[in-house]
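> The sequence isn't on hand, but the structure is:
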C-alpha cells in the first residue's frame, strides 16, 4: 500500500472528542506518542495509511470520512456565499475548505442559518405576490442576483419595445432580404462592417453559441445550433451593431442597478430585435390573424422555430395594431422557471405559473405534442393555455440534449380567435376547465391531489382522527 500522506487533524480531533478521550489515551490506542498525536491534530504531521487503518479498526469509523478532505460541504458553502447578500466576501474557495475542515459543526450551523434565511425570503416573496394580487403593492424584497433583477424588470413591463420595432422595420427595408434573411444579413455584415460569418464545429466552440473575434473580424456560430437559432444569433449581432442606440435607450429605461444586470438586459433586447427582424411586425400580425395564431403554421411561414414564433406572439402590442395579449413561461425538467414574458407584463399576480397541474409539466412525457387546456384560478380568472416541449442546442452523441417546455397563454375570452380554442373539451360556450392555482404556497384550494406545499395563509389541520387527500390538510 502506498504511503499516501493525508492531513486530517481537525477530523482526528473530532473523533477523539466524540469518544471523550484525552490525547494521551488516544495515543495509547494508536500506538504513538501523545506529542506526535498533538502534531497530527494541528496538521503538522501527516496521517499515514497505517494510522488510517488503525483509526478505522480501533474506533469503527469509515475511512472515507477521514480521506474526503475539507471539501465535503464545499458545494453547499459555495452556494451560500454566491448569494447576493454575501457575494464578494471571499476571494476564493480556500477559506471555505478551511472552515469545512477545521470547524465542520460551525459550517453545518452556517448552512442551517442560510437555509432558514432562504426559506424566509421565499415566504416573503410569496406573501408579496399574495398582497399584489389583492391590490396591495409592497416594497418587500431581499438582495437579488443581477439575472433576477433583469428578469423581474422585463416581466413587470409589456414585452413590446416600440423603438426597437421601428428600427427593425427600417433595417428590414434596407436589407430587402426576400426569402433569404440570413444571406442578406451576412452580406450587410461583410460590406458595411467587414465581418465574415463562419459556422464552426462543436469541438472548436464547445462552450459558445456565438463569438465575435475582433482580431480577425469574424463572427463564429456553433454548428450545434439549429438553422433557426443560427439565424437568430447572426441577427442579434447585426442588431447590436445597427440598433445600438435604441437598445441602449431601452436598457437605460429599465433602471437597473448594476453593469451585469444591464449586460443581461442588453442581451435580451438583442434577442427581441432579432425576432423583430425575422418576423416583421405587420406581416407577422397579419399572418397571425389569418391563421388564428397557429404557431406551427407561423413558424413554417416565417422559417423560424416554435419557440421563436411563440415568443413573438407576446410582442404584438403596438397601440395602432395590437394582437391578442399572450404571455409565455418556459421551464425545464426540474420545474425551474427561467423565461417569463407577457404582452402586458407577465401576469404573476393573476396567473402565477407555479401550479404542478399546468400542462407545461406533463408535456415532457410527450415531446413535440401540443397540449391545450382551459384553466381556472381560485379567484375565477380563466385562461386558455397551450404547452409544448422545446429542443435546445444539440451536441455530440454522448451529450444529453437540452429540453425545456413552453407554456403560451391568453385570457379564455379570446378562445374563438385562437385555433387552439377548438381543441378544448366540453361545450363550446363553457369548456371544461382545470382548477389550478398560482403556486401551492399561496393557493387555498382544499383537497388538491397535486399540492406540494402548505399554504402560508392557512393553519395546517392537525386532527389525528382525520386524513385528507392532500399531504398538507388545512382548516
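Noted; the coordinates are in hand. Owing to the predicted nature of the structure, the values given are computational and were not obtained by experimental measurement.
> now the strands for the stretch 201-350 of the chain?
Shown for the stretch 201-350 of the chain, the strands assigned by DSSP state E, counting those that start in this stretch span residues 210-213, 218-222, 317-318, 321-322, 327-332, 337-342.
> now the fourth one, how far from the chain's geometric center?
The one in question is strand 321-322. The chain centre lies 31 Å from the centre of strand 321-322; the measure is Cα atoms, centre = their mean, to the nearest Å.
> Where does the prediction get shaky in the protein?
Applying pLDDT under 70 to the chain picks out residues 1-6, 63-74, 83-94, 97-98, 100-102, 123-144, 457, 461-468, 471, 473-475.
> what residues are up against the residue most central in space within the chain?
Note on the chain: the residue nearest the mean C-alpha position is residue 338, at 3.3 Å, using Cα atoms, centre = their mean. The neighbours of residue 338, taking Cβ atoms under 8 Å, 6 or more residues apart in numbering as the test, are 151, 330-332. Backbone N, C-alpha and C define where each C-beta goes, glycine included.
> One more pass at 6 Å, please.
Contacts for residue 338 (Cβ atoms under 6 Å, 6 or more residues apart in numbering) come out as none.
> roughly how far apart are residue 80 and residue 146?
Going from residue 80 to residue 146 by Cβ to Cβ, to the nearest Å gives 18 Å.
> And this protein, what are its domain boundaries?
Each domain of the chain is listed here as a residue range: 9-67, 77-130, 145-278, 291-438, per automatic domain parsing.
> Redo these as a markdown table? Include distance to residue 472.
Shown next, in a markdown table, are those (distance: least, Cβ to Cβ, whole Å):
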| stretch | distance to residue 472 |
| --- | --- |
| domain 9-67 | 36 |
| domain 77-130 | 14 |
| domain 145-278 | 27 |
| domain 291-438 | 13 |
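> re the thing from before, most packed of the strands of the stretch 201-350 of the chain?
Highest mean neighbour count of those: strand 327-332, a mean of 22 (counted as mean count of other Cβ atoms under 10 Å).
> and residue 355, how many residues sit next to it?
For residue 355, the neighbour count with other Cβ atoms under 10 Å is 24.
> Now do the contacts for the residue lying closest to it once chain neighbours are set aside.
Excluding the flanking residues, the one nearest residue 355 by Cβ to Cβ, 6 or more residues apart in numbering is residue 436, at 4.2 Å. Counting by Cβ under 6 Å, 6+ apart, residue 436 touches 355, 357, 375.
> isn't residue 426 right next to residue 433, touching?
No: counting by Cβ atoms under 6 Å, residue 426 sits too far from residue 433 to count as a contact (8.1 Å).
> out of those two, which sits in the more crowded spot?
When neighbours are counted by other Cβ under 10 Å, residue 433 comes out ahead of the other of residue 426 and residue 433, with 18 against 10.
> what pairs with that one across the strands?
Counting by DSSP bridges, residue 433 is bridged to residue 374.
> Adjust the sequence numbering to begin at 77 for everything that follows.
In the new count, where the first residue is 77, that last one comes out as residue 509.
> Distance check, it against residue 460.
Using Cβ to Cβ, we find residue 509 at a distance of 10 Å from residue 460.
> shared neighbours of the two, which are they?
residue 450.
> and residue 459, that one's in a strand?
Yes: assigned with DSSP: H, G, I helix; E, B strand; the rest coil, residue 459 falls within a strand.
> how many other residues sit next to it?
Number of residues near residue 459 (other Cβ under 10 Å) recorded here: 24.
> Any idea what it is bridged to?
Following DSSP bridges, residue 459 is listed with bridge partners residue 451, residue 487.
> Check whether it really touches residue 451, as I assumed.
Yes: between residue 459 and residue 451 there is a contact under Cβ under 6 Å: 5.3 Å.
> Which residue ranges of the stretch 177-326 of the chain form helices?
Here the stretch 177-326 of the chain has its helices, by DSSP state H, counting those that start in this stretch, at 180-209, 222-232, 238-251, 257-269, 303-318, 320-329.
> looking at the ones you listed, which is closest to residue 400?
Ranking the helices of the stretch 177-326 of the chain by their distance to residue 400 (criterion: Cβ to Cβ) puts helix 238-251 first, at 17.3 Å.
> Tell me the buried residues in the closest one?
240-241, 243-244, 247-248, 251 (16 or more other Cβ atoms under 10 Å).
> How about stretch 444-460?
446-453, 457, 459-460.
> Columns distance to residue 182 on top of the residues you listed, output as JSON lines?
Output for the buried residues of stretch 444-460, formatted as JSON lines (distance: Cβ to Cβ, whole Å):
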{"residue": "446", "distance to residue 182": "53"}
{"residue": "447", "distance to residue 182": "49"}
{"residue": "448", "distance to residue 182": "54"}
{"residue": "449", "distance to residue 182": "50"}
{"residue": "450", "distance to residue 182": "53"}
{"residue": "451", "distance to residue 182": "48"}
{"residue": "452", "distance to residue 182": "50"}
{"residue": "453", "distance to residue 182": "46"}
{"residue": "457", "distance to residue 182": "49"}
{"residue": "459", "distance to residue 182": "49"}
{"residue": "460", "distance to residue 182": "53"}
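> Out of these, which is nearest to residue 151?
Closest to residue 151, out of all of these and judged by Cβ to Cβ, is residue 447, at 35.8 Å.
> and residue 116, how many neighbours?
Around residue 116 there are 24 other residues, counting by other Cβ under 10 Å.
> wait, what's in contact with it?
Contacts for residue 116 (Cβ under 6 Å, 6+ apart) come out as 85, 88, 123.
> Please apply the same query to residue 270.
For residue 270, the contacting residues are residue 293, by Cβ under 6 Å, 6+ apart.
> Okay, the residue nearest to residue 354 when sequence neighbours are not counted and residue 477: tell me how far apart.
In space, and not counting its chain neighbours, residue 354 is closest to residue 380: 5.6 Å by Cβ to Cβ, 6+ apart. Residue 380 sits 20 Å away from residue 477, taking Cβ to Cβ as the criterion.
> neighbour-wise, which of those two wins?
Comparing residue 380 with residue 477 by other Cβ under 10 Å, the one with more neighbours is residue 380, at 25 against 11.
> Please report how far that one lies from residue 486.
In this view, residue 380 and residue 486 are 20 Å apart by Cβ to Cβ.
> now residue 440: how far from residue 357?
Using Cβ to Cβ, residue 440 is found at 33 Å from residue 357.
> can you check residue 452 too?
From residue 452 across to residue 357, the span is 33 Å (Cβ to Cβ).
> now residue 136
73 Å.
> Kindly report the same for residue 291.
Separation of residue 291 from residue 357 (Cβ to Cβ): 37 Å.
> Of those two, which one has the most company?
Neighbours were counted for residue 291 and for residue 357 using other Cβ under 10 Å; residue 357 has more, 21 against 5.
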